[in-house]
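In: Generate a structure from the sequence data that follows.
(one chain, ligands or ions: 1)
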Amino acid sequence: MIAKLQKKFALSRQGAVDLVRGCIACVFQNLSFLFPAGLLYRLVIELMNGGVGSGATAFYLVGCAACIGMILLTTWFQYNATYFATYTESGVRRISLAEKLRKIPLSFFGKKDLADLTSTIMADCTFLEQAFSHFIPELIGAMISTTLVAVGLFGYDWRMALAALWVMPVAFAIVGLSSRVQQRLSARQMDAKMACADGIQECIETVRDLKANNAEDGYLEGLDGKIKAVEHRAILSELGTAVFVVSATLILKLGIATVALVGSILLVDGSLDVPTFFLFLLVVSRLYDPLQGALQNLAAVIATRTNIARMNEILDHPVQTGDTHLTNRGCDVVFDHVKFAYNTGETVLRDVSFTARQGEVTALVGPSGGGKTTVSRLAARFWDVDQGNITVGGMDISKIDPETLLSLYAIVFQDVTLFDNTILENIRIGRRDATDEQVLAAARLANCDEFADRLPDGYQSQIGENGCALSGGERQRISIARAFLKDAPIILLDEATASLDVENETLIQTALSRLIRNKTVLVIAHRMRTVAGADKIVVLANGMVAEQGAPEQLLQDDGLYRRMVELQNRSQRWTIPGGLCGREAH
Ligand SMILES: Nc1ncnc2c1ncn2[C@@H]1O[C@H](COP(=O)(O)OP(=O)(O)OP(=O)(O)O)[C@@H](O)[C@H]1O
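Out: Next comes the predicted model:
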């Protein structure tokens, strides 16, 4: 049962156990509210039989007082089992989702954007917090306690019990039958919310381009439409739920009327005594309160299915697994007839085979969209290949745990991710246990001194959210310093020196030459000048290896590489036309 609950409500094991506890607590709480009615019934009978001042009367009065104590106790127990447990559980659930995301292959992120995932971890978890603390325990608690009371009522008088309870299945059936409508409404509401969250995120991310293109007004109009759509969908969803819940509640209220009516008829008929009539009126007035709440809770539980499905989509997604023991001999990276497609299904790499040898620089060049970045990502198992295989030192990387595999790689991407912390700590990401001296040594090699010395706190300066206080070249130097610090045997460079000025570029290239000694280096290069000193060039075009070999050899062949070199030589001679500058001056 625990496993089923875990799956049904996307809970941890402890969360499922706590949910059961919460339900039991609610049952006891509901029953404790009904106990006084039974005692009052016994008390009335005692008084009617002339037992004023008798021991039994005192016993029932003390019993009533004890019931108040029991109500307090069960309320505390219920509060503990639901509210406190729920906050622990939502924390556990958020961490387990984040942990899972860490292990999910990057292909999953192609289908999901940041706003969607953030909303699952934050908003969906909050929604389930409520479901877990209120809706589910109260619903189950009310159903179990009502069933127990119903059995008792049938014991007293089956005719009155029928008059009191016929409304229950009808009311629950009305809400239950609305399940499809509600799910459709909440799924559409969720779609509208996601479209709105995407729009807001995109607006913030692209605010610079929107301003530069005077496109803010048009964009904000579109965003306004998305915000209105969320409002519209929320109202529709509330209305849809309200129609069913209010109808079911009205039916429930009919129960009191039928008890009064049937009770009166039976009283007149003489087949019912006054205390039993009194008991039924008393019980029914208490019984319908939790049931009314239960109807609303049932509707809310139905609505949470959309949130649960979104969480389960992450939790059930297969993760990249593998051996945590490295068995590579050396660090040659070999692509063997690799075929690969992203989520879109379009084949991006067709039949890619090449070897990047240890101690050599292998440069990936080729026209834009040819597959260079894809090849370098596959080398680090960011995705798994569809056909063929990739080995490092003879070890098939698809069989190695991704995090273990990445210990062999130092990666310098074009777009560097930085954290809102000091320069020193941002570099230390390369190796968490590095001493300050080691971090500073790596920073010096990457030529970070030049800009760190200019800042008031040097390497202890805060760099703002995602390094907003740094230039593109400075960000890249931090990334290079991380690679120096990690000192991994395989280095993936994505045009690492692209955004550095001429002076720094030269300094860094010298440092890189030191770093890459006896390492496997795979560099994505857009400028032919960068790769002239490479040991091997692999030209990728249309997802295939068009040619490969030493730069001198490829220059002799009349192929794509030679054409690219010639084109770049020509473009390097390009300058801003004088006429253009002249026109601007006027
Ligand atoms: N995440 C992705 N999802 C779907 N398709 C992608 C993704 N990333 C890249 N592609 C597609 O794969 C193809 C190869 O892209 P890739 O980035 O590997 O080329 P590239 O040679 O590095 O290009 P560039 O020199 O412009 O950076 C392109 O058609 C691109 O549109």
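
In: burial count for G345?
Out: If you count neighbours by other Cβ atoms under 10 Å, G345 ends up with 6. C-beta coordinates here come from the backbone N, C-alpha and C atoms, glycine included.

In: For I104, see how far away it is.
Out: 19 Å (Cβ to Cβ, to the nearest Å).

In: isn't P36 right up against G69?
Out: No - if you go by Cβ atoms under 8 Å, P36 and G69 don't touch, sitting 11.4 Å apart.

In: So for these two, which residue has more residues nearby?
Out: Higher neighbour count among P36 and G69: P36, with 21 against 10, using other Cβ under 10 Å.

In: Using PDB, list the CA coordinates for whatever helix or strand V175 lives in.
Out: Under the criterion of DSSP states H and E, V175 resides in helix 167-177. C-alpha atoms of helix 167-177 as PDB (Å, rounded to 0.1, in the frame of the first residue of the first chain):
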ATOM      1  CA  VAL A 167     -27.400  11.600   0.400                       C
ATOM      2  CA  MET A 168     -23.800  10.500   0.800                       C
ATOM      3  CA  PRO A 169     -23.300   8.300  -2.300                       C
ATOM      4  CA  VAL A 170     -25.300  10.700  -4.400                       C
ATOM      5  CA  ALA A 171     -23.100  13.700  -3.300                       C
ATOM      6  CA  PHE A 172     -19.800  11.800  -3.800                       C
ATOM      7  CA  ALA A 173     -21.000  10.500  -7.200                       C
ATOM      8  CA  ILE A 174     -21.700  14.000  -8.400                       C
ATOM      9  CA  VAL A 175     -18.100  15.200  -7.500                       C
ATOM     10  CA  GLY A 176     -16.500  11.900  -8.700                       C
ATOM     11  CA  LEU A 177     -18.300  12.100 -12.000                       C
END
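
In: Now do stretch 394-401, average pLDDT.
Out: Stretch 394-401 carries an average pLDDT of 94.

In: Report the buried residues of it.
Out: The neighbour-count check on stretch 394-401 (16 or more other Cβ atoms under 10 Å) flags 395, 397-398, 400-401 as buried.

In: thinking again about what came up before, name the helices or strands packed onto the helix holding V175?
Out: On a contact count with 3 or more Cβ pairs under 8 Å, 6 or more residues apart in numbering; DSSP states H and E, helix 167-177 meets helix 216-269, helix 274-303.

In: right, so of those, which gets closest to the ligand?
Out: Among the helices and strands packed on helix 167-177, the nearest to the ligand by Cβ to the nearest ligand atom is helix 216-269 (24.1 Å).

In: Average pLDDT for the closest one, rounded please.
Out: pLDDT averaged over helix 216-269 gives 88.

In: likewise stretch 319-328?
Out: Here the average pLDDT along stretch 319-328 is 88.

In: how long is it from one end to the other?
Out: 23 Å (Cα to Cα, to the nearest Å).

In: Only the buried residues of it, if you could.
Out: 320, 322, 328.

In: and the first one, which of the three is it?
Out: Spelled out, it's Q320. State at Q320, reduced to three classes by DSSP: H, G, I helix; E, B strand; the rest coil: coil.

In: surely it meets P105?
Out: Yes - assessed by Cβ under 8 Å, Q320 is found in contact with P105 at 5.0 Å.

In: can I see the domain layout of this protein?
Out: Domains of the chain are assigned by automatic domain parsing as 2-315, 333-408+488-578.

In: For those domains, please prepare CSV with the additional fields distance to the ligand.
Out: Shown next, in CSV, are these (distance: least, Cβ to the nearest ligand atom, whole Å):
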stretch, distance to the ligand
domain 2-315, 5
domain 333-408+488-578, 3
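
In: wait, which of those is closest to L445?
Out: domain 333-408+488-578 (4.7 Å; Cβ to Cβ).

In: re earlier: tell me which of the helices and strands packed on helix 167-177 is the most buried.
Out: Sort the helices and strands packed on helix 167-177 by mean neighbour count, taking mean count of other Cβ atoms under 10 Å, and helix 274-303 sits at the top with a mean of 20.

In: pLDDT on the helix or strand following it, on average?
Out: Sequence order places helix 305-315 as the next helix or strand after helix 274-303, per DSSP H and E. Model confidence over helix 305-315, given as mean pLDDT, is 83.

In: now for the helix or strand following helix 305-315, which elements pack on it?
Out: Counting by DSSP H and E, the element after helix 305-315 in chain order, helix or strand, is strand 333-341. Helices and strands touching strand 333-341, by 3+ Cβ pairs under 8 Å, 6+ apart, are strand 347-356, helix 372-379, strand 387-392.

In: now strand 333-341, how far from the centre of its chain.
Out: Averaging C-alpha positions (Cα atoms, centre = their mean, to the nearest Å) puts strand 333-341 31 Å from its chain's average.

In: re the thing from before, for the helix or strand just after the helix holding V175, enumerate the helices and strands it packs against.
Out: Heading C-terminal from helix 167-177, the first helix or strand you meet, by DSSP H and E, is helix 179-205. Judged by 3+ Cβ pairs under 8 Å, 6+ apart, helix 179-205 is in contact with helix 114-119, helix 216-269, helix 274-303, helix 305-315.

In: secondary structure element for F484?
Out: Going by DSSP H and E, F484 is part of helix 472-486.

In: First-to-last residue distance for stretch 299-313?
Out: Where stretch 299-313 begins and where it ends lie 23 Å apart, using Cα to Cα.

In: give me the number of residues near the closest residue to V565 other than its chain neighbours?
Out: Once flanking residues are discounted, V565 sits nearest to M528: 4.5 Å by Cβ to Cβ, 6 or more residues apart in numbering. Using other Cβ under 10 Å, M528 is surrounded by 21 other residues.

In: just I104 next, same as before
Out: 16.
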